[in-house]
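Novice: I'll drop the sequence and a predicted model, then ask my questions.
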Amino acid sequence: MISDKWKITTPIERVNIKMTCIFLESTGALLSSIIIKGK
């Protein structure tokens, strides 16, 4: 089911998904570090 979805998506969409994941991860890490510093 997941593999079929990946076949449908274009390479550009895959890059966008990867960039979004990286952005969310870095933002989450940044927010968590701010929260830890705040405490």
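Specialist: Yep, that arrived.

Novice: when you work out contacts or count neighbours from here on, use the C-alpha atoms and nothing else.
Specialist: Will do.

Novice: so the residue most central in space within the chain, which state does it fall into?
Specialist: Taking CA atoms, centre = their mean as the criterion, C21 is the residue nearest the geometric centre of the chain, at 0.8 Å. Secondary structure for C21, judged by DSSP: H, G, I helix; E, B strand; the rest coil, is helix.

Novice: give me the neighbour count for I17.
Specialist: Applying other CA atoms under 10 Å, we find 13 residues neighbouring I17.

Novice: mind starting the numbering at 27 from now?
Specialist: In the new numbering, first residue 27, that becomes I43.

Novice: from T36, how far off is it?
Specialist: 11 Å (CA to CA, to the nearest Å).

Novice: cool, and C47?
Specialist: 17 Å.

Novice: what about T53, neighbour count?
Specialist: 12.

Novice: name the SS class of it, please.
Specialist: helix.

Novice: tell me the contacts of it?
Specialist: For T53, the contact set (CA atoms under 8 Å, 6 or more residues apart in numbering) is empty.

Novice: again with I38
Specialist: I38 neighbours (CA under 8 Å, 6+ apart): none.

Novice: do you know the pLDDT at it?
Specialist: pLDDT for I38: 86.

Novice: before we move on, what SS does it have?
Specialist: helix.

Novice: from L56, how far off is it?
Specialist: Distance from I38 to L56, by CA to CA: 27 Å.

Novice: how about V41?
Specialist: 22 Å.

Novice: now do G64
Specialist: 12 Å.

Novice: what's the answer for E39, then?
Specialist: 25 Å.

Novice: more crowded one of G64 and L56?
Specialist: Neighbours were counted for G64 and for L56 using other CA under 10 Å; L56 has more, 12 against 7.
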